[in-house]
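Participant: no sequence on this one, just coordinates:
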């Protein structure tokens, strides 16, 4: 089986899958348009949440543990197309430069978790949200914010009702005053912080 198990997990497996994904995408029939190989040698960057979507489907894609390039290309194409449909992934928050923000699906019905850190203390936080189409409602009261802050997703950013705009990132933020591990995968958040 790929990476020693039915479903690859952890940094070494993620790195191996990323390498396979980049190879699949870069050799997926993209035309160079006459540019030199030096200009076209860099493969497109895959956001962590897109890679995670493929990773989560590994058993269904390759039940025998053998993942072919064609299967991987097809799944990546679907995952890349879906990445703009809902506000899931890693984000920049201009009110907290360099501090991580991540929004991940947390079950059915549009439930989501938002995790992050604010630079002043470097303390990690997690709050619940509800995603309905391109709209998101988050309960930031657990960290001293509004209980029902709404935002609109435009495919590359969330414009919050308070005027803040979080833009999507393809890689984790560089970090705040102190390092905090933030994941784009679903986290456990207390039920009491679900938006009203």
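Facilitator: Alright, I've got the coordinates. For clarity, every value in this text was computed on a predicted model and none was experimentally measured.
Participant: so where's this protein uncertain?
Facilitator: Scanning the chain for pLDDT under 70 picks out 1-63, 65-67, 69, 79-84, 120-122, 176-196.
Participant: mind running it again at 80?
Facilitator: For the chain, applying pLDDT under 80 flags the ranges 1-85, 119-123, 170-196.
Participant: can you list the domains in it?
Facilitator: 2-82, 89-193 (automatic domain parsing).
Participant: Strands along this protein, start to end?
Facilitator: 89-92, 101-105, 111-117, 124-132, 135-138, 149-153, 157-160, 165-169 (DSSP state E).
Participant: Columns distance to residue 76 and mean neighbour count on top of those strands, output as CSV?
Facilitator: All C-beta spots, glycine's among them, are computed from the backbone N, C-alpha and C. Shown next, in CSV, are the strands of the chain (distance: least, CB to CB, whole Å; neighbours: other CB atoms under 10 Å):
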stretch, distance to residue 76, mean neighbour count
strand 89-92, 15, 21
strand 101-105, 18, 23
strand 111-117, 23, 23
strand 124-132, 23, 19
strand 135-138, 25, 21
strand 149-153, 22, 19
strand 157-160, 23, 18
strand 165-169, 17, 18
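Participant: Make TSV out of these and add distance to residue 75.
Facilitator: Putting these into TSV (distance: least, CB to CB, whole Å) gives the following:
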stretch	distance to residue 75
strand 89-92	17
strand 101-105	17
strand 111-117	22
strand 124-132	22
strand 135-138	26
strand 149-153	23
strand 157-160	26
strand 165-169	20
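Participant: Relative to residue 70, tell me which of those strands wins on proximity.
Facilitator: strand 89-92 (26.0 Å; CB to CB).
Participant: now for that closest one, which elements pack on it?
Facilitator: helix 48-56, strand 101-105, strand 165-169 (3 or more CB pairs under 8 Å, 6 or more residues apart in numbering; DSSP states H and E).
Participant: again, only using 10 Å
Facilitator: Here strand 89-92 touches helix 48-56, strand 101-105, strand 111-117, strand 157-160, strand 165-169, going by 3 or more CB pairs under 10 Å, 6 or more residues apart in numbering; DSSP states H and E.
Participant: orientation of the last one relative to strand 149-153 in degrees?
Facilitator: Per axes from the mean of the first three to the mean of the last three CA atoms, to 10 degrees, the angle that strand 165-169 makes with strand 149-153 is 50 degrees.
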